[in-house]
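**Q** Mind folding the following:
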Amino acid sequence: MHHIRQKKIHLEVVPKDGAYLLRVDWQPGKQRFMSVNEAKAKAFEIIESGEADKYLANLAARRAKRQI
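**A** Predicted structure coming up:
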């Protein structure tokens, strides 16, 4: 498993069924990558684009709704 920390965001590249996926805040991603480097490149892309921030905000909102 590879860990990526940037801009206070922690992602993991996790091997699964002969491929790799990204996991953010223990939530596995749906997209599969054929190499660790491909997954890492995508991880940095989503961090830099702000997509990871949006995902984490949405995830926090969903979790808050479940606790009501």
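
**Q** now the helices for this protein?
**A** Applying DSSP state H to the chain gives helices spanning 36-49, 51-66.

**Q** now, of these, which is deepest in the fold?
**A** Greatest average neighbour count among those goes to helix 36-49 (a mean of 15), per mean count of other CB atoms under 10 Å. Any C-beta I mention is one placed from the backbone N, CA and C, and that applies to glycine too.

**Q** send the alpha carbons of that one over as PDB?
**A** Extracted in PDB, the C-alpha atoms of helix 36-49 (Å, rounded to 0.1, in the frame of the first residue of the first chain):
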ATOM      1  CA  VAL A  36       0.800   2.000  -9.000                       C
ATOM      2  CA  ASN A  37       2.300   5.000 -10.900                       C
ATOM      3  CA  GLU A  38      -0.900   5.500 -12.800                       C
ATOM      4  CA  ALA A  39      -2.900   5.500  -9.600                       C
ATOM      5  CA  LYS A  40      -0.400   8.000  -8.000                       C
ATOM      6  CA  ALA A  41      -0.600  10.300 -11.000                       C
ATOM      7  CA  LYS A  42      -4.400  10.300 -10.700                       C
ATOM      8  CA  ALA A  43      -4.200  10.900  -6.900                       C
ATOM      9  CA  PHE A  44      -2.000  14.000  -7.400                       C
ATOM     10  CA  GLU A  45      -4.400  15.200 -10.200                       C
ATOM     11  CA  ILE A  46      -7.500  15.000  -8.000                       C
ATOM     12  CA  ILE A  47      -5.700  16.800  -5.100                       C
ATOM     13  CA  GLU A  48      -4.400  19.600  -7.300                       C
ATOM     14  CA  SER A  49      -7.700  20.100  -9.100                       C
END
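
**Q** Just the angle for it relative to helix 51-66, thanks.
**A** Counting by axes from the mean of the first three to the mean of the last three CA atoms, to 10 degrees, helix 36-49 lies at 80 degrees to helix 51-66.

**Q** any idea of the pLDDT on the residue sitting nearest the centre point of the chain?
**A** Central residue of the chain (CA atoms, centre = their mean): Val24, 3.4 Å from the mean position. pLDDT for Val24: 89.

**Q** Since that was my last question, I'll sign off now.
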